[in-house]
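Novice: let's see this in three dimensions:
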Amino acid sequence: MGEAWEHRDMFIDNFFCTCGVENRKLIDIKVYLNDINDIILRGNCSGCRTIAARYIETGENPESAKAGKRIREMKKKSR
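Specialist: Next comes the predicted model:
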């Protein structure tokens, strides 16, 4: 994500959950990249431990899309 990843805490701290716990975070995160280079952070809510996710639209931004393509290429090489 390059410099945009400096906002990582905003993504991890800001997601929907009905538990109502304040100051919750997304924990046990796995990162996914979809076909249009958007990022999906999937994990659990630290307040209630239920499955939670955050969808980050990056595919529309040319610079972020480049980062997504680099990640995809790196994963292919590591296989």
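Novice: what residues of whatever helix or strand residue 10 lives in count as buried?
Specialist: Using DSSP states H and E, residue 10 sits in helix 8-13. In terms of neighbour count (16 or more other Cβ atoms under 10 Å), helix 8-13 has its buried residues at 11, 12. The C-beta positions use only the backbone N, C-alpha and C, and glycine is treated the same way.
Novice: partner strands of the next helix or strand after it and their direction?
Specialist: Going down the chain from helix 8-13, the next helix or strand is strand 26-33, by DSSP H and E. With DSSP bridges as the test, strand 26-33 is paired with strand 39-45 (antiparallel).
Novice: run through the neighbouring helices and strands of the following helix or strand past the partner strand.
Specialist: The helix or strand immediately downstream of strand 39-45 is strand 51-56, counting by DSSP H and E. Judged by 3 or more Cβ pairs under 8 Å, 6 or more residues apart in numbering; DSSP states H and E, strand 51-56 is in contact with helix 8-13, strand 26-33, strand 39-45.
Novice: so which of the ones you listed comes closest to residue 20?
Specialist: strand 39-45 (10.5 Å; Cβ to Cβ).
Novice: longest single helix anywhere in this structure?
Specialist: In terms of residue count, the longest helix belonging to the chain (DSSP state H) is helix 62-78.
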